[in-house]
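Participant: 3D, please:
(chains A and B)
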Amino acid sequence: MKSYRELTIEDILNEKKSYTKLSLETIEQVDKSINAFITVNKDVEDLPGKFSGIPIAIKDNIVTKGLKTTCASKLLENYVPPYDATVVKKIKEAGFSIVGKTNLDEFAMGTGTEYSAFFTTKNPWDLTRVAGGSSGGSAAAVASGQVVAALGSDTGGSIRQPAAFCGVIGFKPTYGLVSRYGLVAFASSLDQIGPITKTTKDAATLMEIISGYDPFDATTVDKKIDFSKYLDESFSGAKVAFPKEIFGEGIEEGVAKQFEEFIKFLETKGIKVTKVEFPEIKYSVATYYIIAPAEVSSNLSRFDGIRYGKRVEKGGLLETYLETRKENLGKEVIRRIMIGTFTLSAAYYDAYFEKAQKVRRKITKRLEELLDEYDFLITPTSPITAFKIGEIKDPLVYYLMDIFTIPANLAGIPAISIPFGFVNNLPVGMQIMGKRFDDAKVLGIASYIEKDVPVVLPFKEEKK
Amino acid sequence: MRFKPVIGLEIHVQLNTKTKAFCSCPSDVFELEPNTAICPVCTGQPGALPVPSKEMFEYGILLAAALNCQIHEFSKFDRKNYFYPDLPKGYQITQFFHPLATDGYLELNGKKIKIRRIHLEEDAGKLIHSSDNITEASYSLVDMNRCGVPLAEIVTDPDINSPREAREFLEKLRQILRYTGVSTGDMEKGALRCDANISVVDIETGNQSNKVEVKNINSFKFVEKALEYEFKRIVKLMEEGKEVEKETRGWDLSSKTTISMRSKEEANDYRYFPEPDIPPVVLSKDYIEEVKSRLPELPDEKLSRFKVEFGLGDYEAGILTSTVQLADFYEKCVKETGDPKETSNWFLTELLRFVSPEDDFEHLKIKPEHFKELFEMIEKGEITRNIAKSVFEEVLNTGKRPKLIVDEKGLKVVGDESLIEEILRKLMEQNPDKVQAYKNGKTGLLGFFVGGVMKATKGKANPKIVNEIARKLLSE
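Facilitator: This is a model prediction of the structure:
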């Protein structure tokens, strides 16, 4: 019989039993070594609903009414939201127990939770390494079996990369399918909430619940998608492409090899894999790091210490603004605010922001062309496996890590990361991208692969 | 006139929508307790998102149509970034790159003042300082009720050539706002706010001064006063050969002068960029046409129609069309009385002594049928004009039917010749000297006897009949 830590949503649905308490106990024991949670919701009560008693974790940049939402920032250390995010409302209405809020890089800006103002979440496969980021807390909480599933947010890979580092499934839906109302904005045109789970079926189940048009988010679309539609279908005969550029600079040898294995594996499953050119991919990081910080510089203006959050009062208004933000915002956040403030300034707007918007449209167009010709595009999720905590000092190295995940955000298309083997005992994730609104197909092919390559959890080996 | 002012206006109009621009809070917050009409969206809580109100666009389209603008099917919102405690998100949602409407005009005394653009945006909150003077305040409080209230900003070309014209423009605009119901247009309540740009041209040399922006003008009178002051100030500098600084000045109520607020060199860079939380707004041609079709008759059209249809002069038609409610009431009364001229006279000389054109005519106690009844009684000679006036006032106060008032108070004209003769004879007996004097040629004394009768009948006697009888008796 499976232990609690191995259970999926599907398993528990059949059991009709509450795991809320067991989850809290597991967190109590396990999270000391993982540090996935910023806040544990000790007073959580079982709610009515189909999914009653199923423990879930929510990334701490998604607001929960009455439950602290910090964004892993000192500025919001004591912020208790007056409302629930739409996804939180839907999760509660479905009956899930929100057992806690998970760690992230401050305001989701980072790839290892090392930029959390509080602590770094450890990788359940190797406690000296990062769990990835920014949804590192959510991925680690799922991989370590503290919760059955979790929600994360993905702006440039923040769901997929930690899922890859922790060996679980992370899905970034098509932009507009899931309401962002209540997701503390990082880069509004790129942000999307999605599930981190142990199975693709669970990811599809969560998508059914959290997706849908929301009158509180003008960017959501009114589109009914049956996310489970292709879960049990064969994708033999599907056409898949990979950009040849991924074997360029920066990719770890082991990851490159594993990706070649992945291609071979797909071919044995009757999938036709073609090498294509996607030269624009090399501009994706630069494009992203102009557009995202520009939106950041504006989105984070509200954190001024006036209405909520910590305020450092000093001298007049200007001094109070400056001190409040200097003292309570982290280095990386300030760096991005400054980049964005610069690129949006009247003198540089055309040279940077306007140009980046054009390149973004170009990248999107190329991706759409490729996806017109092929059913899916594949890449490794990350060019590297989980790195050591404190290992990387140069922010540019950090930024370049997002090269494979960023294009899906720029184009607003669905993308999933699924585990595919190990390099040096660390999980490797593979990314599958699909056409806009082809979310069900992306989940479908992932589940087709999953039948042969299921998620492996780190603690199974502990038991042996 | 060697110097000519060149004036352009930037006007903020609060739209009469039920809800705020981007959330469902009420937008009429003028008299509410501070911070009672707020929600996560309009207070900029983390994670909250704006959703544009359709109603805001309806009002925007109506306004743009009334100002003869080109209304764009494609418009977008942008963010204007700056820090201030009354701005919860640290940016204002506005339309910078793609406004709702452009290229319109407002006709003023036969001259077209061009409207450069109309765009939609949200209002900021209100700061309340612990001291009247901000520099002495030890703390400030913020009331966020006004945050997110929808505004239309109207920008004119610098087509205005006198402070008086600027005021007239605003008054005409307010009239249009009220006609269309787009805004209350109340300047003192902040529903209509005006900033003015002024520069001065030296006609002799062709030189033009730098542009000065005048802010904080919160009444129609002050628009004219502030611009007059500013015009004189700039002219004086030009005459002295001094540089006119490019700056922003504020109208100071207590000193009746403008005071420098900041120079344009230190102007903010608002870092405008497209609002990523709101997709572009695409309005169909049909929708725009449908909204435009709801545009009511505008002041100029109504004025022309009143002149033609009711045979009124410019002056009368101008007053009667000054507000929709007055014009509507007039039309209803004319329908009853069938006499536009007489109705107009009564409106101008009587009704408007007691009520203002801005008042609510629907709920007046006097009704169109009362006018009809009153007119009929005058026509039939049942009451005198003077009596009619007092009856009118009483109808206005009580809502009683004129006939009823006349009956109750016995105000009917005394047409009974024998009664009048009797009163006259008595008067003549009491004043034989005056009778004699009349007979000796002092015919002016007729008035004495007529007046006596009127006094005895409390004004109800028909003066024509009294005159006739008096003349006859005195000549006997």
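Participant: The closest residue in space to A:Ala143 that isn't next to it in sequence: what's it in contact with?
Facilitator: With Cβ to Cβ, 6 or more residues apart in numbering or on different chains as the criterion, A:Ala143 has its nearest non-adjacent residue at 3.8 Å, and that residue is A:Cys166. The C-beta positions use only the backbone N, C-alpha and C, and glycine is treated the same way. With contacts defined as Cβ atoms under 8 Å, 6 or more residues apart in numbering or on different chains, A:Cys166 is in contact with A:Asn123, A:Pro124, A:Trp125, A:Ala131, A:Gly132, A:Gly136, A:Ala139, A:Ala140, A:Val142, A:Ala143, A:Ala386, A:Pro427.
Participant: now, which of those lie within strands?
Facilitator: Cross-referencing the contacts of A:Cys166 with the strands (criterion: DSSP state E) gives A:Asn123, A:Pro427 as the overlap.
Participant: of all the contacts of A:Cys166, which comes closest to chain B?
Facilitator: Using Cβ to the nearest Cβ, A:Gly136 is the member of those that sits closest to chain B, with 20.0 Å.
Participant: how many neighbours does the closest one have?
Facilitator: 38 (other Cβ atoms under 10 Å in any protein chain shown).
Participant: try A:Gly421
Facilitator: What A:Gly421 shows, counting by other Cβ under 10 Å, is a neighbour count of 17.
Participant: A strand includes it, no?
Facilitator: Yes: under DSSP: H, G, I helix; E, B strand; the rest coil, A:Gly421 falls within a strand.
Participant: picking up where we left off before, any chance of the contacts of A:Cys166 in a markdown table, plus distance to B:Gln70 and pLDDT?
Facilitator: What follows is the contacts of A:Cys166, written out as a markdown table (distance: Cβ to Cβ, whole Å; pLDDT from 0 to 100):
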| residue | distance to B:Gln70 | pLDDT |
| --- | --- | --- |
| A:Asn123 | 59 | 98 |
| A:Pro124 | 61 | 98 |
| A:Trp125 | 62 | 97 |
| A:Ala131 | 55 | 98 |
| A:Gly132 | 52 | 97 |
| A:Gly136 | 52 | 98 |
| A:Ala139 | 52 | 98 |
| A:Ala140 | 56 | 98 |
| A:Val142 | 55 | 98 |
| A:Ala143 | 58 | 98 |
| A:Ala386 | 58 | 97 |
| A:Pro427 | 59 | 98 |
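Participant: Pick out the most distant pair among the contacts of A:Cys166.
Facilitator: Of all pairs drawn from the contacts of A:Cys166, the one with the longest distance (Cβ to Cβ) is A:Val142 and A:Ala386, at 15.0 Å.
Participant: who's more crowded, these two?
Facilitator: Here A:Val142 and A:Ala386 are set side by side on neighbour count (other Cβ under 10 Å), and the busier one is A:Val142, at 34 against 27.
Participant: Mean confidence (pLDDT) on stretch B:144-155, please.
Facilitator: Per-region confidence: stretch B:144-155 scores 97 on mean pLDDT.
Participant: Please apply the same query to stretch B:449-465.
Facilitator: Within the predicted structure, the mean pLDDT of stretch B:449-465 is 82.
Participant: per-residue confidence at the residue nearest to A:Ala143?
Facilitator: 98.
Participant: For chain B, give the residue positioned nearest to chain A.
Facilitator: For chain B, the nearest residue to chain A under the criterion Cβ to the nearest Cβ is B:Gly90, separated by 2.3 Å.
Participant: residues contacting that residue?
Facilitator: For B:Gly90, the contact set (Cβ under 8 Å, 6+ apart) comprises A:Ser298, A:Leu300, A:Ser301, A:Arg302, A:Asp304, B:Gly44, B:Asn81, B:Tyr82, B:Phe83.
Participant: Recalculate using a threshold of 10 Å.
Facilitator: Contacts here follow Cβ atoms under 10 Å, 6 or more residues apart in numbering or on different chains; on that basis B:Gly90 touches A:297-304, A:306, A:321, B:44, B:79, B:81-84.
Participant: Over to A:Asp46?
Facilitator: Going by Cβ under 10 Å, 6+ apart, A:Asp46 touches A:Ser18, A:Tyr19, A:Thr20, A:Lys21, A:Ser52, A:Gly53, A:Ile54, A:Gly95, A:Phe96, A:Ser97.
Participant: What is the nearest of those residues to B:Lys20?
Facilitator: Using Cβ to Cβ, A:Phe96 is the member of the contacts of A:Asp46 that sits closest to B:Lys20, with 32.8 Å.
Participant: residues near that closest one, how many?
Facilitator: As a burial measure, A:Phe96 scores 31 neighbours (other Cβ under 10 Å).
Participant: Leaving out the residues flanking it, which one is nearest to it?
Facilitator: Distances taken as Cβ to Cβ, 6+ apart place A:Ile56 nearest to A:Phe96, at 4.5 Å, with adjacent residues excluded.
Participant: Check A:Glu77 too.
Facilitator: Spatial nearest neighbour of A:Glu77, chain neighbours left out: A:Thr70 (5.6 Å); criterion: Cβ to Cβ, 6+ apart.
Participant: re the thing from before, could you tell me the backbone phi and psi angles at the residue of chain B closest to chain A?
Facilitator: Reported as degrees, to the nearest 10, the phi and psi values for B:Gly90 are phi 80, psi 10.
Participant: Brilliant, that's me finished.
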